[in-house]
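K.L.:
sequence first, then the predicted structure:
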Amino acid sequence: MKKADTEKHGGKTWVALLAILFLIIAQGCEPSRAGLPPSVNDGTDPGPYWMPVPTSVRVYPSTRFIKESGRAILEARFELYDEMGDPVKYVGAFQIELYSVDEALGNTPRRLLYTWNTRLVSLDQQREHYDPITRGYLFRLGVDDLRIAKQTTLLKVAFTPVDRPRLEAEAEVRSDW
């Protein structure tokens, strides 16, 4: 074999080796799908993957009545927690009930005063109610009678997540004015 033929074939060998090396590197750069959930999951079988979903709801301590333009507003704040105790956002519906309380009977609920129902199923609804500072939900709820805001009341909240059991919490609400 002539020297020119060796160099010619050697050049092709280098090109072939570089092409193989490029393919190996390209394969290594692609993200591995091993161990990841399938791209389509109907939610009925989460498999071995942990997903942050709400397991409890809490009435945030700063829930209170405020007075705005001579009108009472209930600023109701709620937090959803996952099983690790961390706040989470989630799709679902809030049912909020306000009860009058009979202090003579040990602060037992006496009469249902208001019920508010709010669905959080769209991105806009989440943006409207989720507060990234407190990592909870804020609902500004109008109250017709200022006298209600001056008495002790009981706030009950139920959150029904999509495809999950209903979560409930309650807390007394007082006014500072």
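P.N.:
Sure thing, it's come through. Numbers count the residues shown, from 1 in each chain.

K.L.:
please tell me I have it right and Leu146 contacts Lys67.
P.N.:
Yes. Applying Cβ atoms under 8 Å, one finds Leu146 in contact with Lys67, separated by 7.5 Å. Glycine gets a C-beta too; all of them are placed from N, C-alpha and C.

K.L.:
got any residues that touch both of those two?
P.N.:
Shared contacts of Leu146 and Lys67, defined by Cβ atoms under 8 Å, 6 or more residues apart in numbering, are absent.

K.L.:
tell me the SS of the residue nearest in space to the middle of the chain?
P.N.:
For the chain, Lys89 is the residue whose C-alpha lies nearest the centre (Cα atoms, centre = their mean; 0.6 Å). Assigned with DSSP: H, G, I helix; E, B strand; the rest coil, Lys89 falls in the coil class.

K.L.:
please give the element, helix or strand, for Val157.
P.N.:
Counting by DSSP states H and E, the element that carries Val157 is strand 153-161.

K.L.:
buried residues in that strand?
P.N.:
In terms of neighbour count (16 or more other Cβ atoms under 10 Å), strand 153-161 has its buried residues at 153-159, 161.

K.L.:
adjacent strands (with direction) for the strand ranked longest in the chain?
P.N.:
Ranked by number of residues, the top strand in the chain under DSSP state E is strand 108-120. Next to strand 108-120 in the sheet, as set by DSSP bridges, lie strand 92-102 (antiparallel).

K.L.:
taking strand 153-161 as reference, get the angle to the partner strand.
P.N.:
If you take axes from the mean of the first three to the mean of the last three Cα atoms, to 10 degrees, strand 92-102 sits at 160 degrees to strand 153-161.

K.L.:
CA atoms only for strand 92-102, dumped as PDB, please.
P.N.:
Provided in PDB are the C-alpha atoms of strand 92-102 (Å, rounded to 0.1, in the frame of the first residue of the first chain):
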ATOM      1  CA  GLY A  92     -59.900  22.600  44.400                       C
ATOM      2  CA  ALA A  93     -62.700  24.400  46.100                       C
ATOM      3  CA  PHE A  94     -63.000  26.400  49.400                       C
ATOM      4  CA  GLN A  95     -66.200  26.500  51.400                       C
ATOM      5  CA  ILE A  96     -66.000  29.100  54.100                       C
ATOM      6  CA  GLU A  97     -68.600  29.500  56.800                       C
ATOM      7  CA  LEU A  98     -68.900  32.100  59.600                       C
ATOM      8  CA  TYR A  99     -70.900  31.300  62.700                       C
ATOM      9  CA  SER A 100     -71.900  33.400  65.700                       C
ATOM     10  CA  VAL A 101     -70.600  32.100  68.900                       C
ATOM     11  CA  ASP A 102     -72.300  31.800  72.300                       C
END
